[in-house]
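>>> For reference, the sequence and a predicted model appear below.
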Amino acid sequence: MSLFWFDRLQYSETLKKLIIFEFFETDITNINRITKATWNSKLAKEILDKFTYEKHCLIRSLMRSNDSIYYYLIFYSNNELHKKIVIEYKDKHTRHIHEYGGFEDLQSWFLKINNIDGDSHSKPLGKVKTSTEYAKNLVYNYWKSNINTNDDQGLEFTKRLLTYKDSKENLTEATTKGFDFDFFIFFEENNSLINIEFALNYKNTKENYVCTPMKYCWGYGPPGVPDNKMKYNRLWKATKLLNGEFSILNYSENNNDIGFSIINDLDYDRGFLNETKYIISKNNFEKSIFETANEDCLSFKHFDENSKQIKQYDKDFFDKWKINRNKY
């Protein structure tokens with residue numbers, strides 16, 4: 001069991017695969033060590049930090065029991081002229097190592113993968129948000145010196161990969177099909193996970209434990225506010241494909257009580273259909289996270305024990321959502 005994030009995920013309708021991308025920045029000396037003849041578990045352990053190595057092993061373990069996963073492990077340095085290495089795992093048996101002479105060569109490959117299903121359902125790539133910092137700090141606290149605290153999950157490098165020159169030599173930012181897992185707890189015994197999406201309540205007009213992400217999804221949000229329908233549909237689909245439970249944490253920087261929602265059912269077009277919400281303090285949420293990470297199997301018992309209140313929102317609640325949403 002452990003706490004992780006996924007750097008980048010992309011679901012391809014064309015391939016019917018969930019594509020997992022993991023980025024690892026290192027120096028050219030390490031990159032030169034990676035060849036078809038040398039790449040094995042021992043070399044991976046030497047080059048990767050413990051956090052990334054164990055996540056790499058986790059993904060390979062998931063692939064042994066799930067044929068819907070496609071995995072790319074990308075090694076790079078930020079020197080554009082240095083070669084880049086992509087290790088491609090097509091399934092549990094097949095591995096290819098691709099060498100790209102420099103940044104532009106890798107970018108050409110990456111843009112093709114990003115656009116494998118055409119232009120539908122794409123969006124601009126966001127910047128590092130405060131909403132992810134809380135999640136990252138929890139992971140850092142758990143892993144301590146076994147994780148590189150400068151790891152930005154390949155975000156800046158991905159932004160560079162998606163920024164290219166068009167036919168008129170103008171810089172253009174491609175929309176991205178990718179998304180990430182902010183934070184998840186993995187249970188090795190039964191290959192299951194709890195995926196936690198962190199949602200920052202930055203306006204603070206409602207208490208965290210009242211807020212629900214449905215307020216800004218499925219056409220209910222105010223004009224000019226991005227609709228997160230596609231984001232949550234993707235997260236739901238990816239989580240279920242990985243044998244997981246999808247959850248959302250509503251929190252703010254200065255408010256101690258937060259709302260932790262388990263999404264029990266979701267419809268692609270209508271939104272949430274069933275939700276269990278834990279009203280819990282930040283300290284007890286973090287306590288529950290670390291207690292849960294030490295369990296053998298997926299369970300919410302520590303949240304049951306440590307919460308101030310548990311609310312259940314069922315079909316009747318969401319059938320009336322359009323009328324009642326202003327309360328939330």
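Received the coordinates, thanks.
>>> Tell me how many other residues surround residue 99.
Neighbourhood size, residue 99 [other C-beta atoms under 10 Å]: 14. Placement of C-beta: from N, CA and C, glycine included.
>>> partner residues bridging it?
residue 85 (DSSP bridges).
>>> can you tell me how far it sits from residue 274?
Residue 99 sits 48 Å away from residue 274, taking C-beta to C-beta, to the nearest Å as the criterion.
>>> One more: residue 327?
Going from residue 327 to residue 274 by C-beta to C-beta gives 18 Å.
>>> all strands for this structure, in order.
Shown for the chain, the strands assigned by DSSP state E span residues 2-12, 17-25, 69-76, 84-89, 95-100, 163-165, 171-173, 179-187, 192-200, 244-251, 257-267, 271-281, 309-313.
>>> could you redo those strands as a markdown table and give each row mean pLDDT and distance to residue 287?
What follows is the strands of the chain, written out as a markdown table (pLDDT from 0 to 100; distance: least, C-beta to C-beta, whole Å):
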| stretch | mean pLDDT | distance to residue 287 |
| --- | --- | --- |
| strand 2-12 | 94 | 14 |
| strand 17-25 | 97 | 29 |
| strand 69-76 | 97 | 32 |
| strand 84-89 | 98 | 36 |
| strand 95-100 | 97 | 40 |
| strand 163-165 | 83 | 42 |
| strand 171-173 | 81 | 41 |
| strand 179-187 | 94 | 14 |
| strand 192-200 | 93 | 15 |
| strand 244-251 | 94 | 14 |
| strand 257-267 | 93 | 12 |
| strand 271-281 | 93 | 9 |
| strand 309-313 | 93 | 16 |
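>>> closest one to residue 139 among the ones you listed?
Residue 139 lies closest to strand 2-12 among the strands of the chain, at 5.3 Å (C-beta to C-beta).
>>> could I have the closest one exported to CSV, CA atoms only?
Listed next in CSV are the C-alpha coordinates belonging to strand 2-12 (Å, rounded to 0.1, in the frame of the first residue of the first chain):
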residue,chain,number,x,y,z
SER,A,2,1.2,3.5,-0.7
LEU,A,3,0.3,7.0,-1.7
PHE,A,4,1.0,8.2,-5.3
TRP,A,5,0.0,10.5,-8.1
PHE,A,6,-0.1,9.7,-11.8
ASP,A,7,1.7,12.3,-13.9
ARG,A,8,-0.5,12.1,-17.0
LEU,A,9,-3.3,9.9,-18.1
GLN,A,10,-5.1,9.8,-21.5
TYR,A,11,-8.0,7.6,-22.5
SER,A,12,-8.0,6.7,-26.2
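>>> Tell me which strands it pairs with, and in which orientation.
strand 17-25 (antiparallel), strand 179-187 (antiparallel).
>>> So between residue 327 and residue 274, which is more surrounded?
Here residue 327 and residue 274 are compared on neighbour count by other C-beta under 10 Å; more neighbours surround residue 274, at 15 against 9.
>>> How much space separates the residue lying closest to residue 308 once chain neighbours are set aside from residue 235?
Here the nearest residue to residue 308 in space, its sequence neighbours aside, is residue 279; by C-beta to C-beta, 6 or more residues apart in numbering that works out to 4.9 Å. Taking C-beta to C-beta as the criterion, residue 279 is separated from residue 235 by 22 Å.
>>> Which of these two has more residues huddled nearby?
More crowded of residue 279 and residue 235, by other C-beta under 10 Å: residue 235, with 24 against 17.
>>> can you redo the strands of the chain as CSV with distance to residue 288?
Written out in CSV, the entries for these read as follows (distance: least, C-beta to C-beta, whole Å):
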stretch, distance to residue 288
strand 2-12, 12
strand 17-25, 27
strand 69-76, 29
strand 84-89, 33
strand 95-100, 38
strand 163-165, 40
strand 171-173, 39
strand 179-187, 10
strand 192-200, 11
strand 244-251, 11
strand 257-267, 8
strand 271-281, 7
strand 309-313, 12
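>>> Show me where the stretch 201-328 of the chain has its helices.
In the stretch 201-328 of the chain, the segments counted as helices under DSSP state H, counting those that start in this stretch are 229-241, 282-293, 301-306, 315-319, 321-324.
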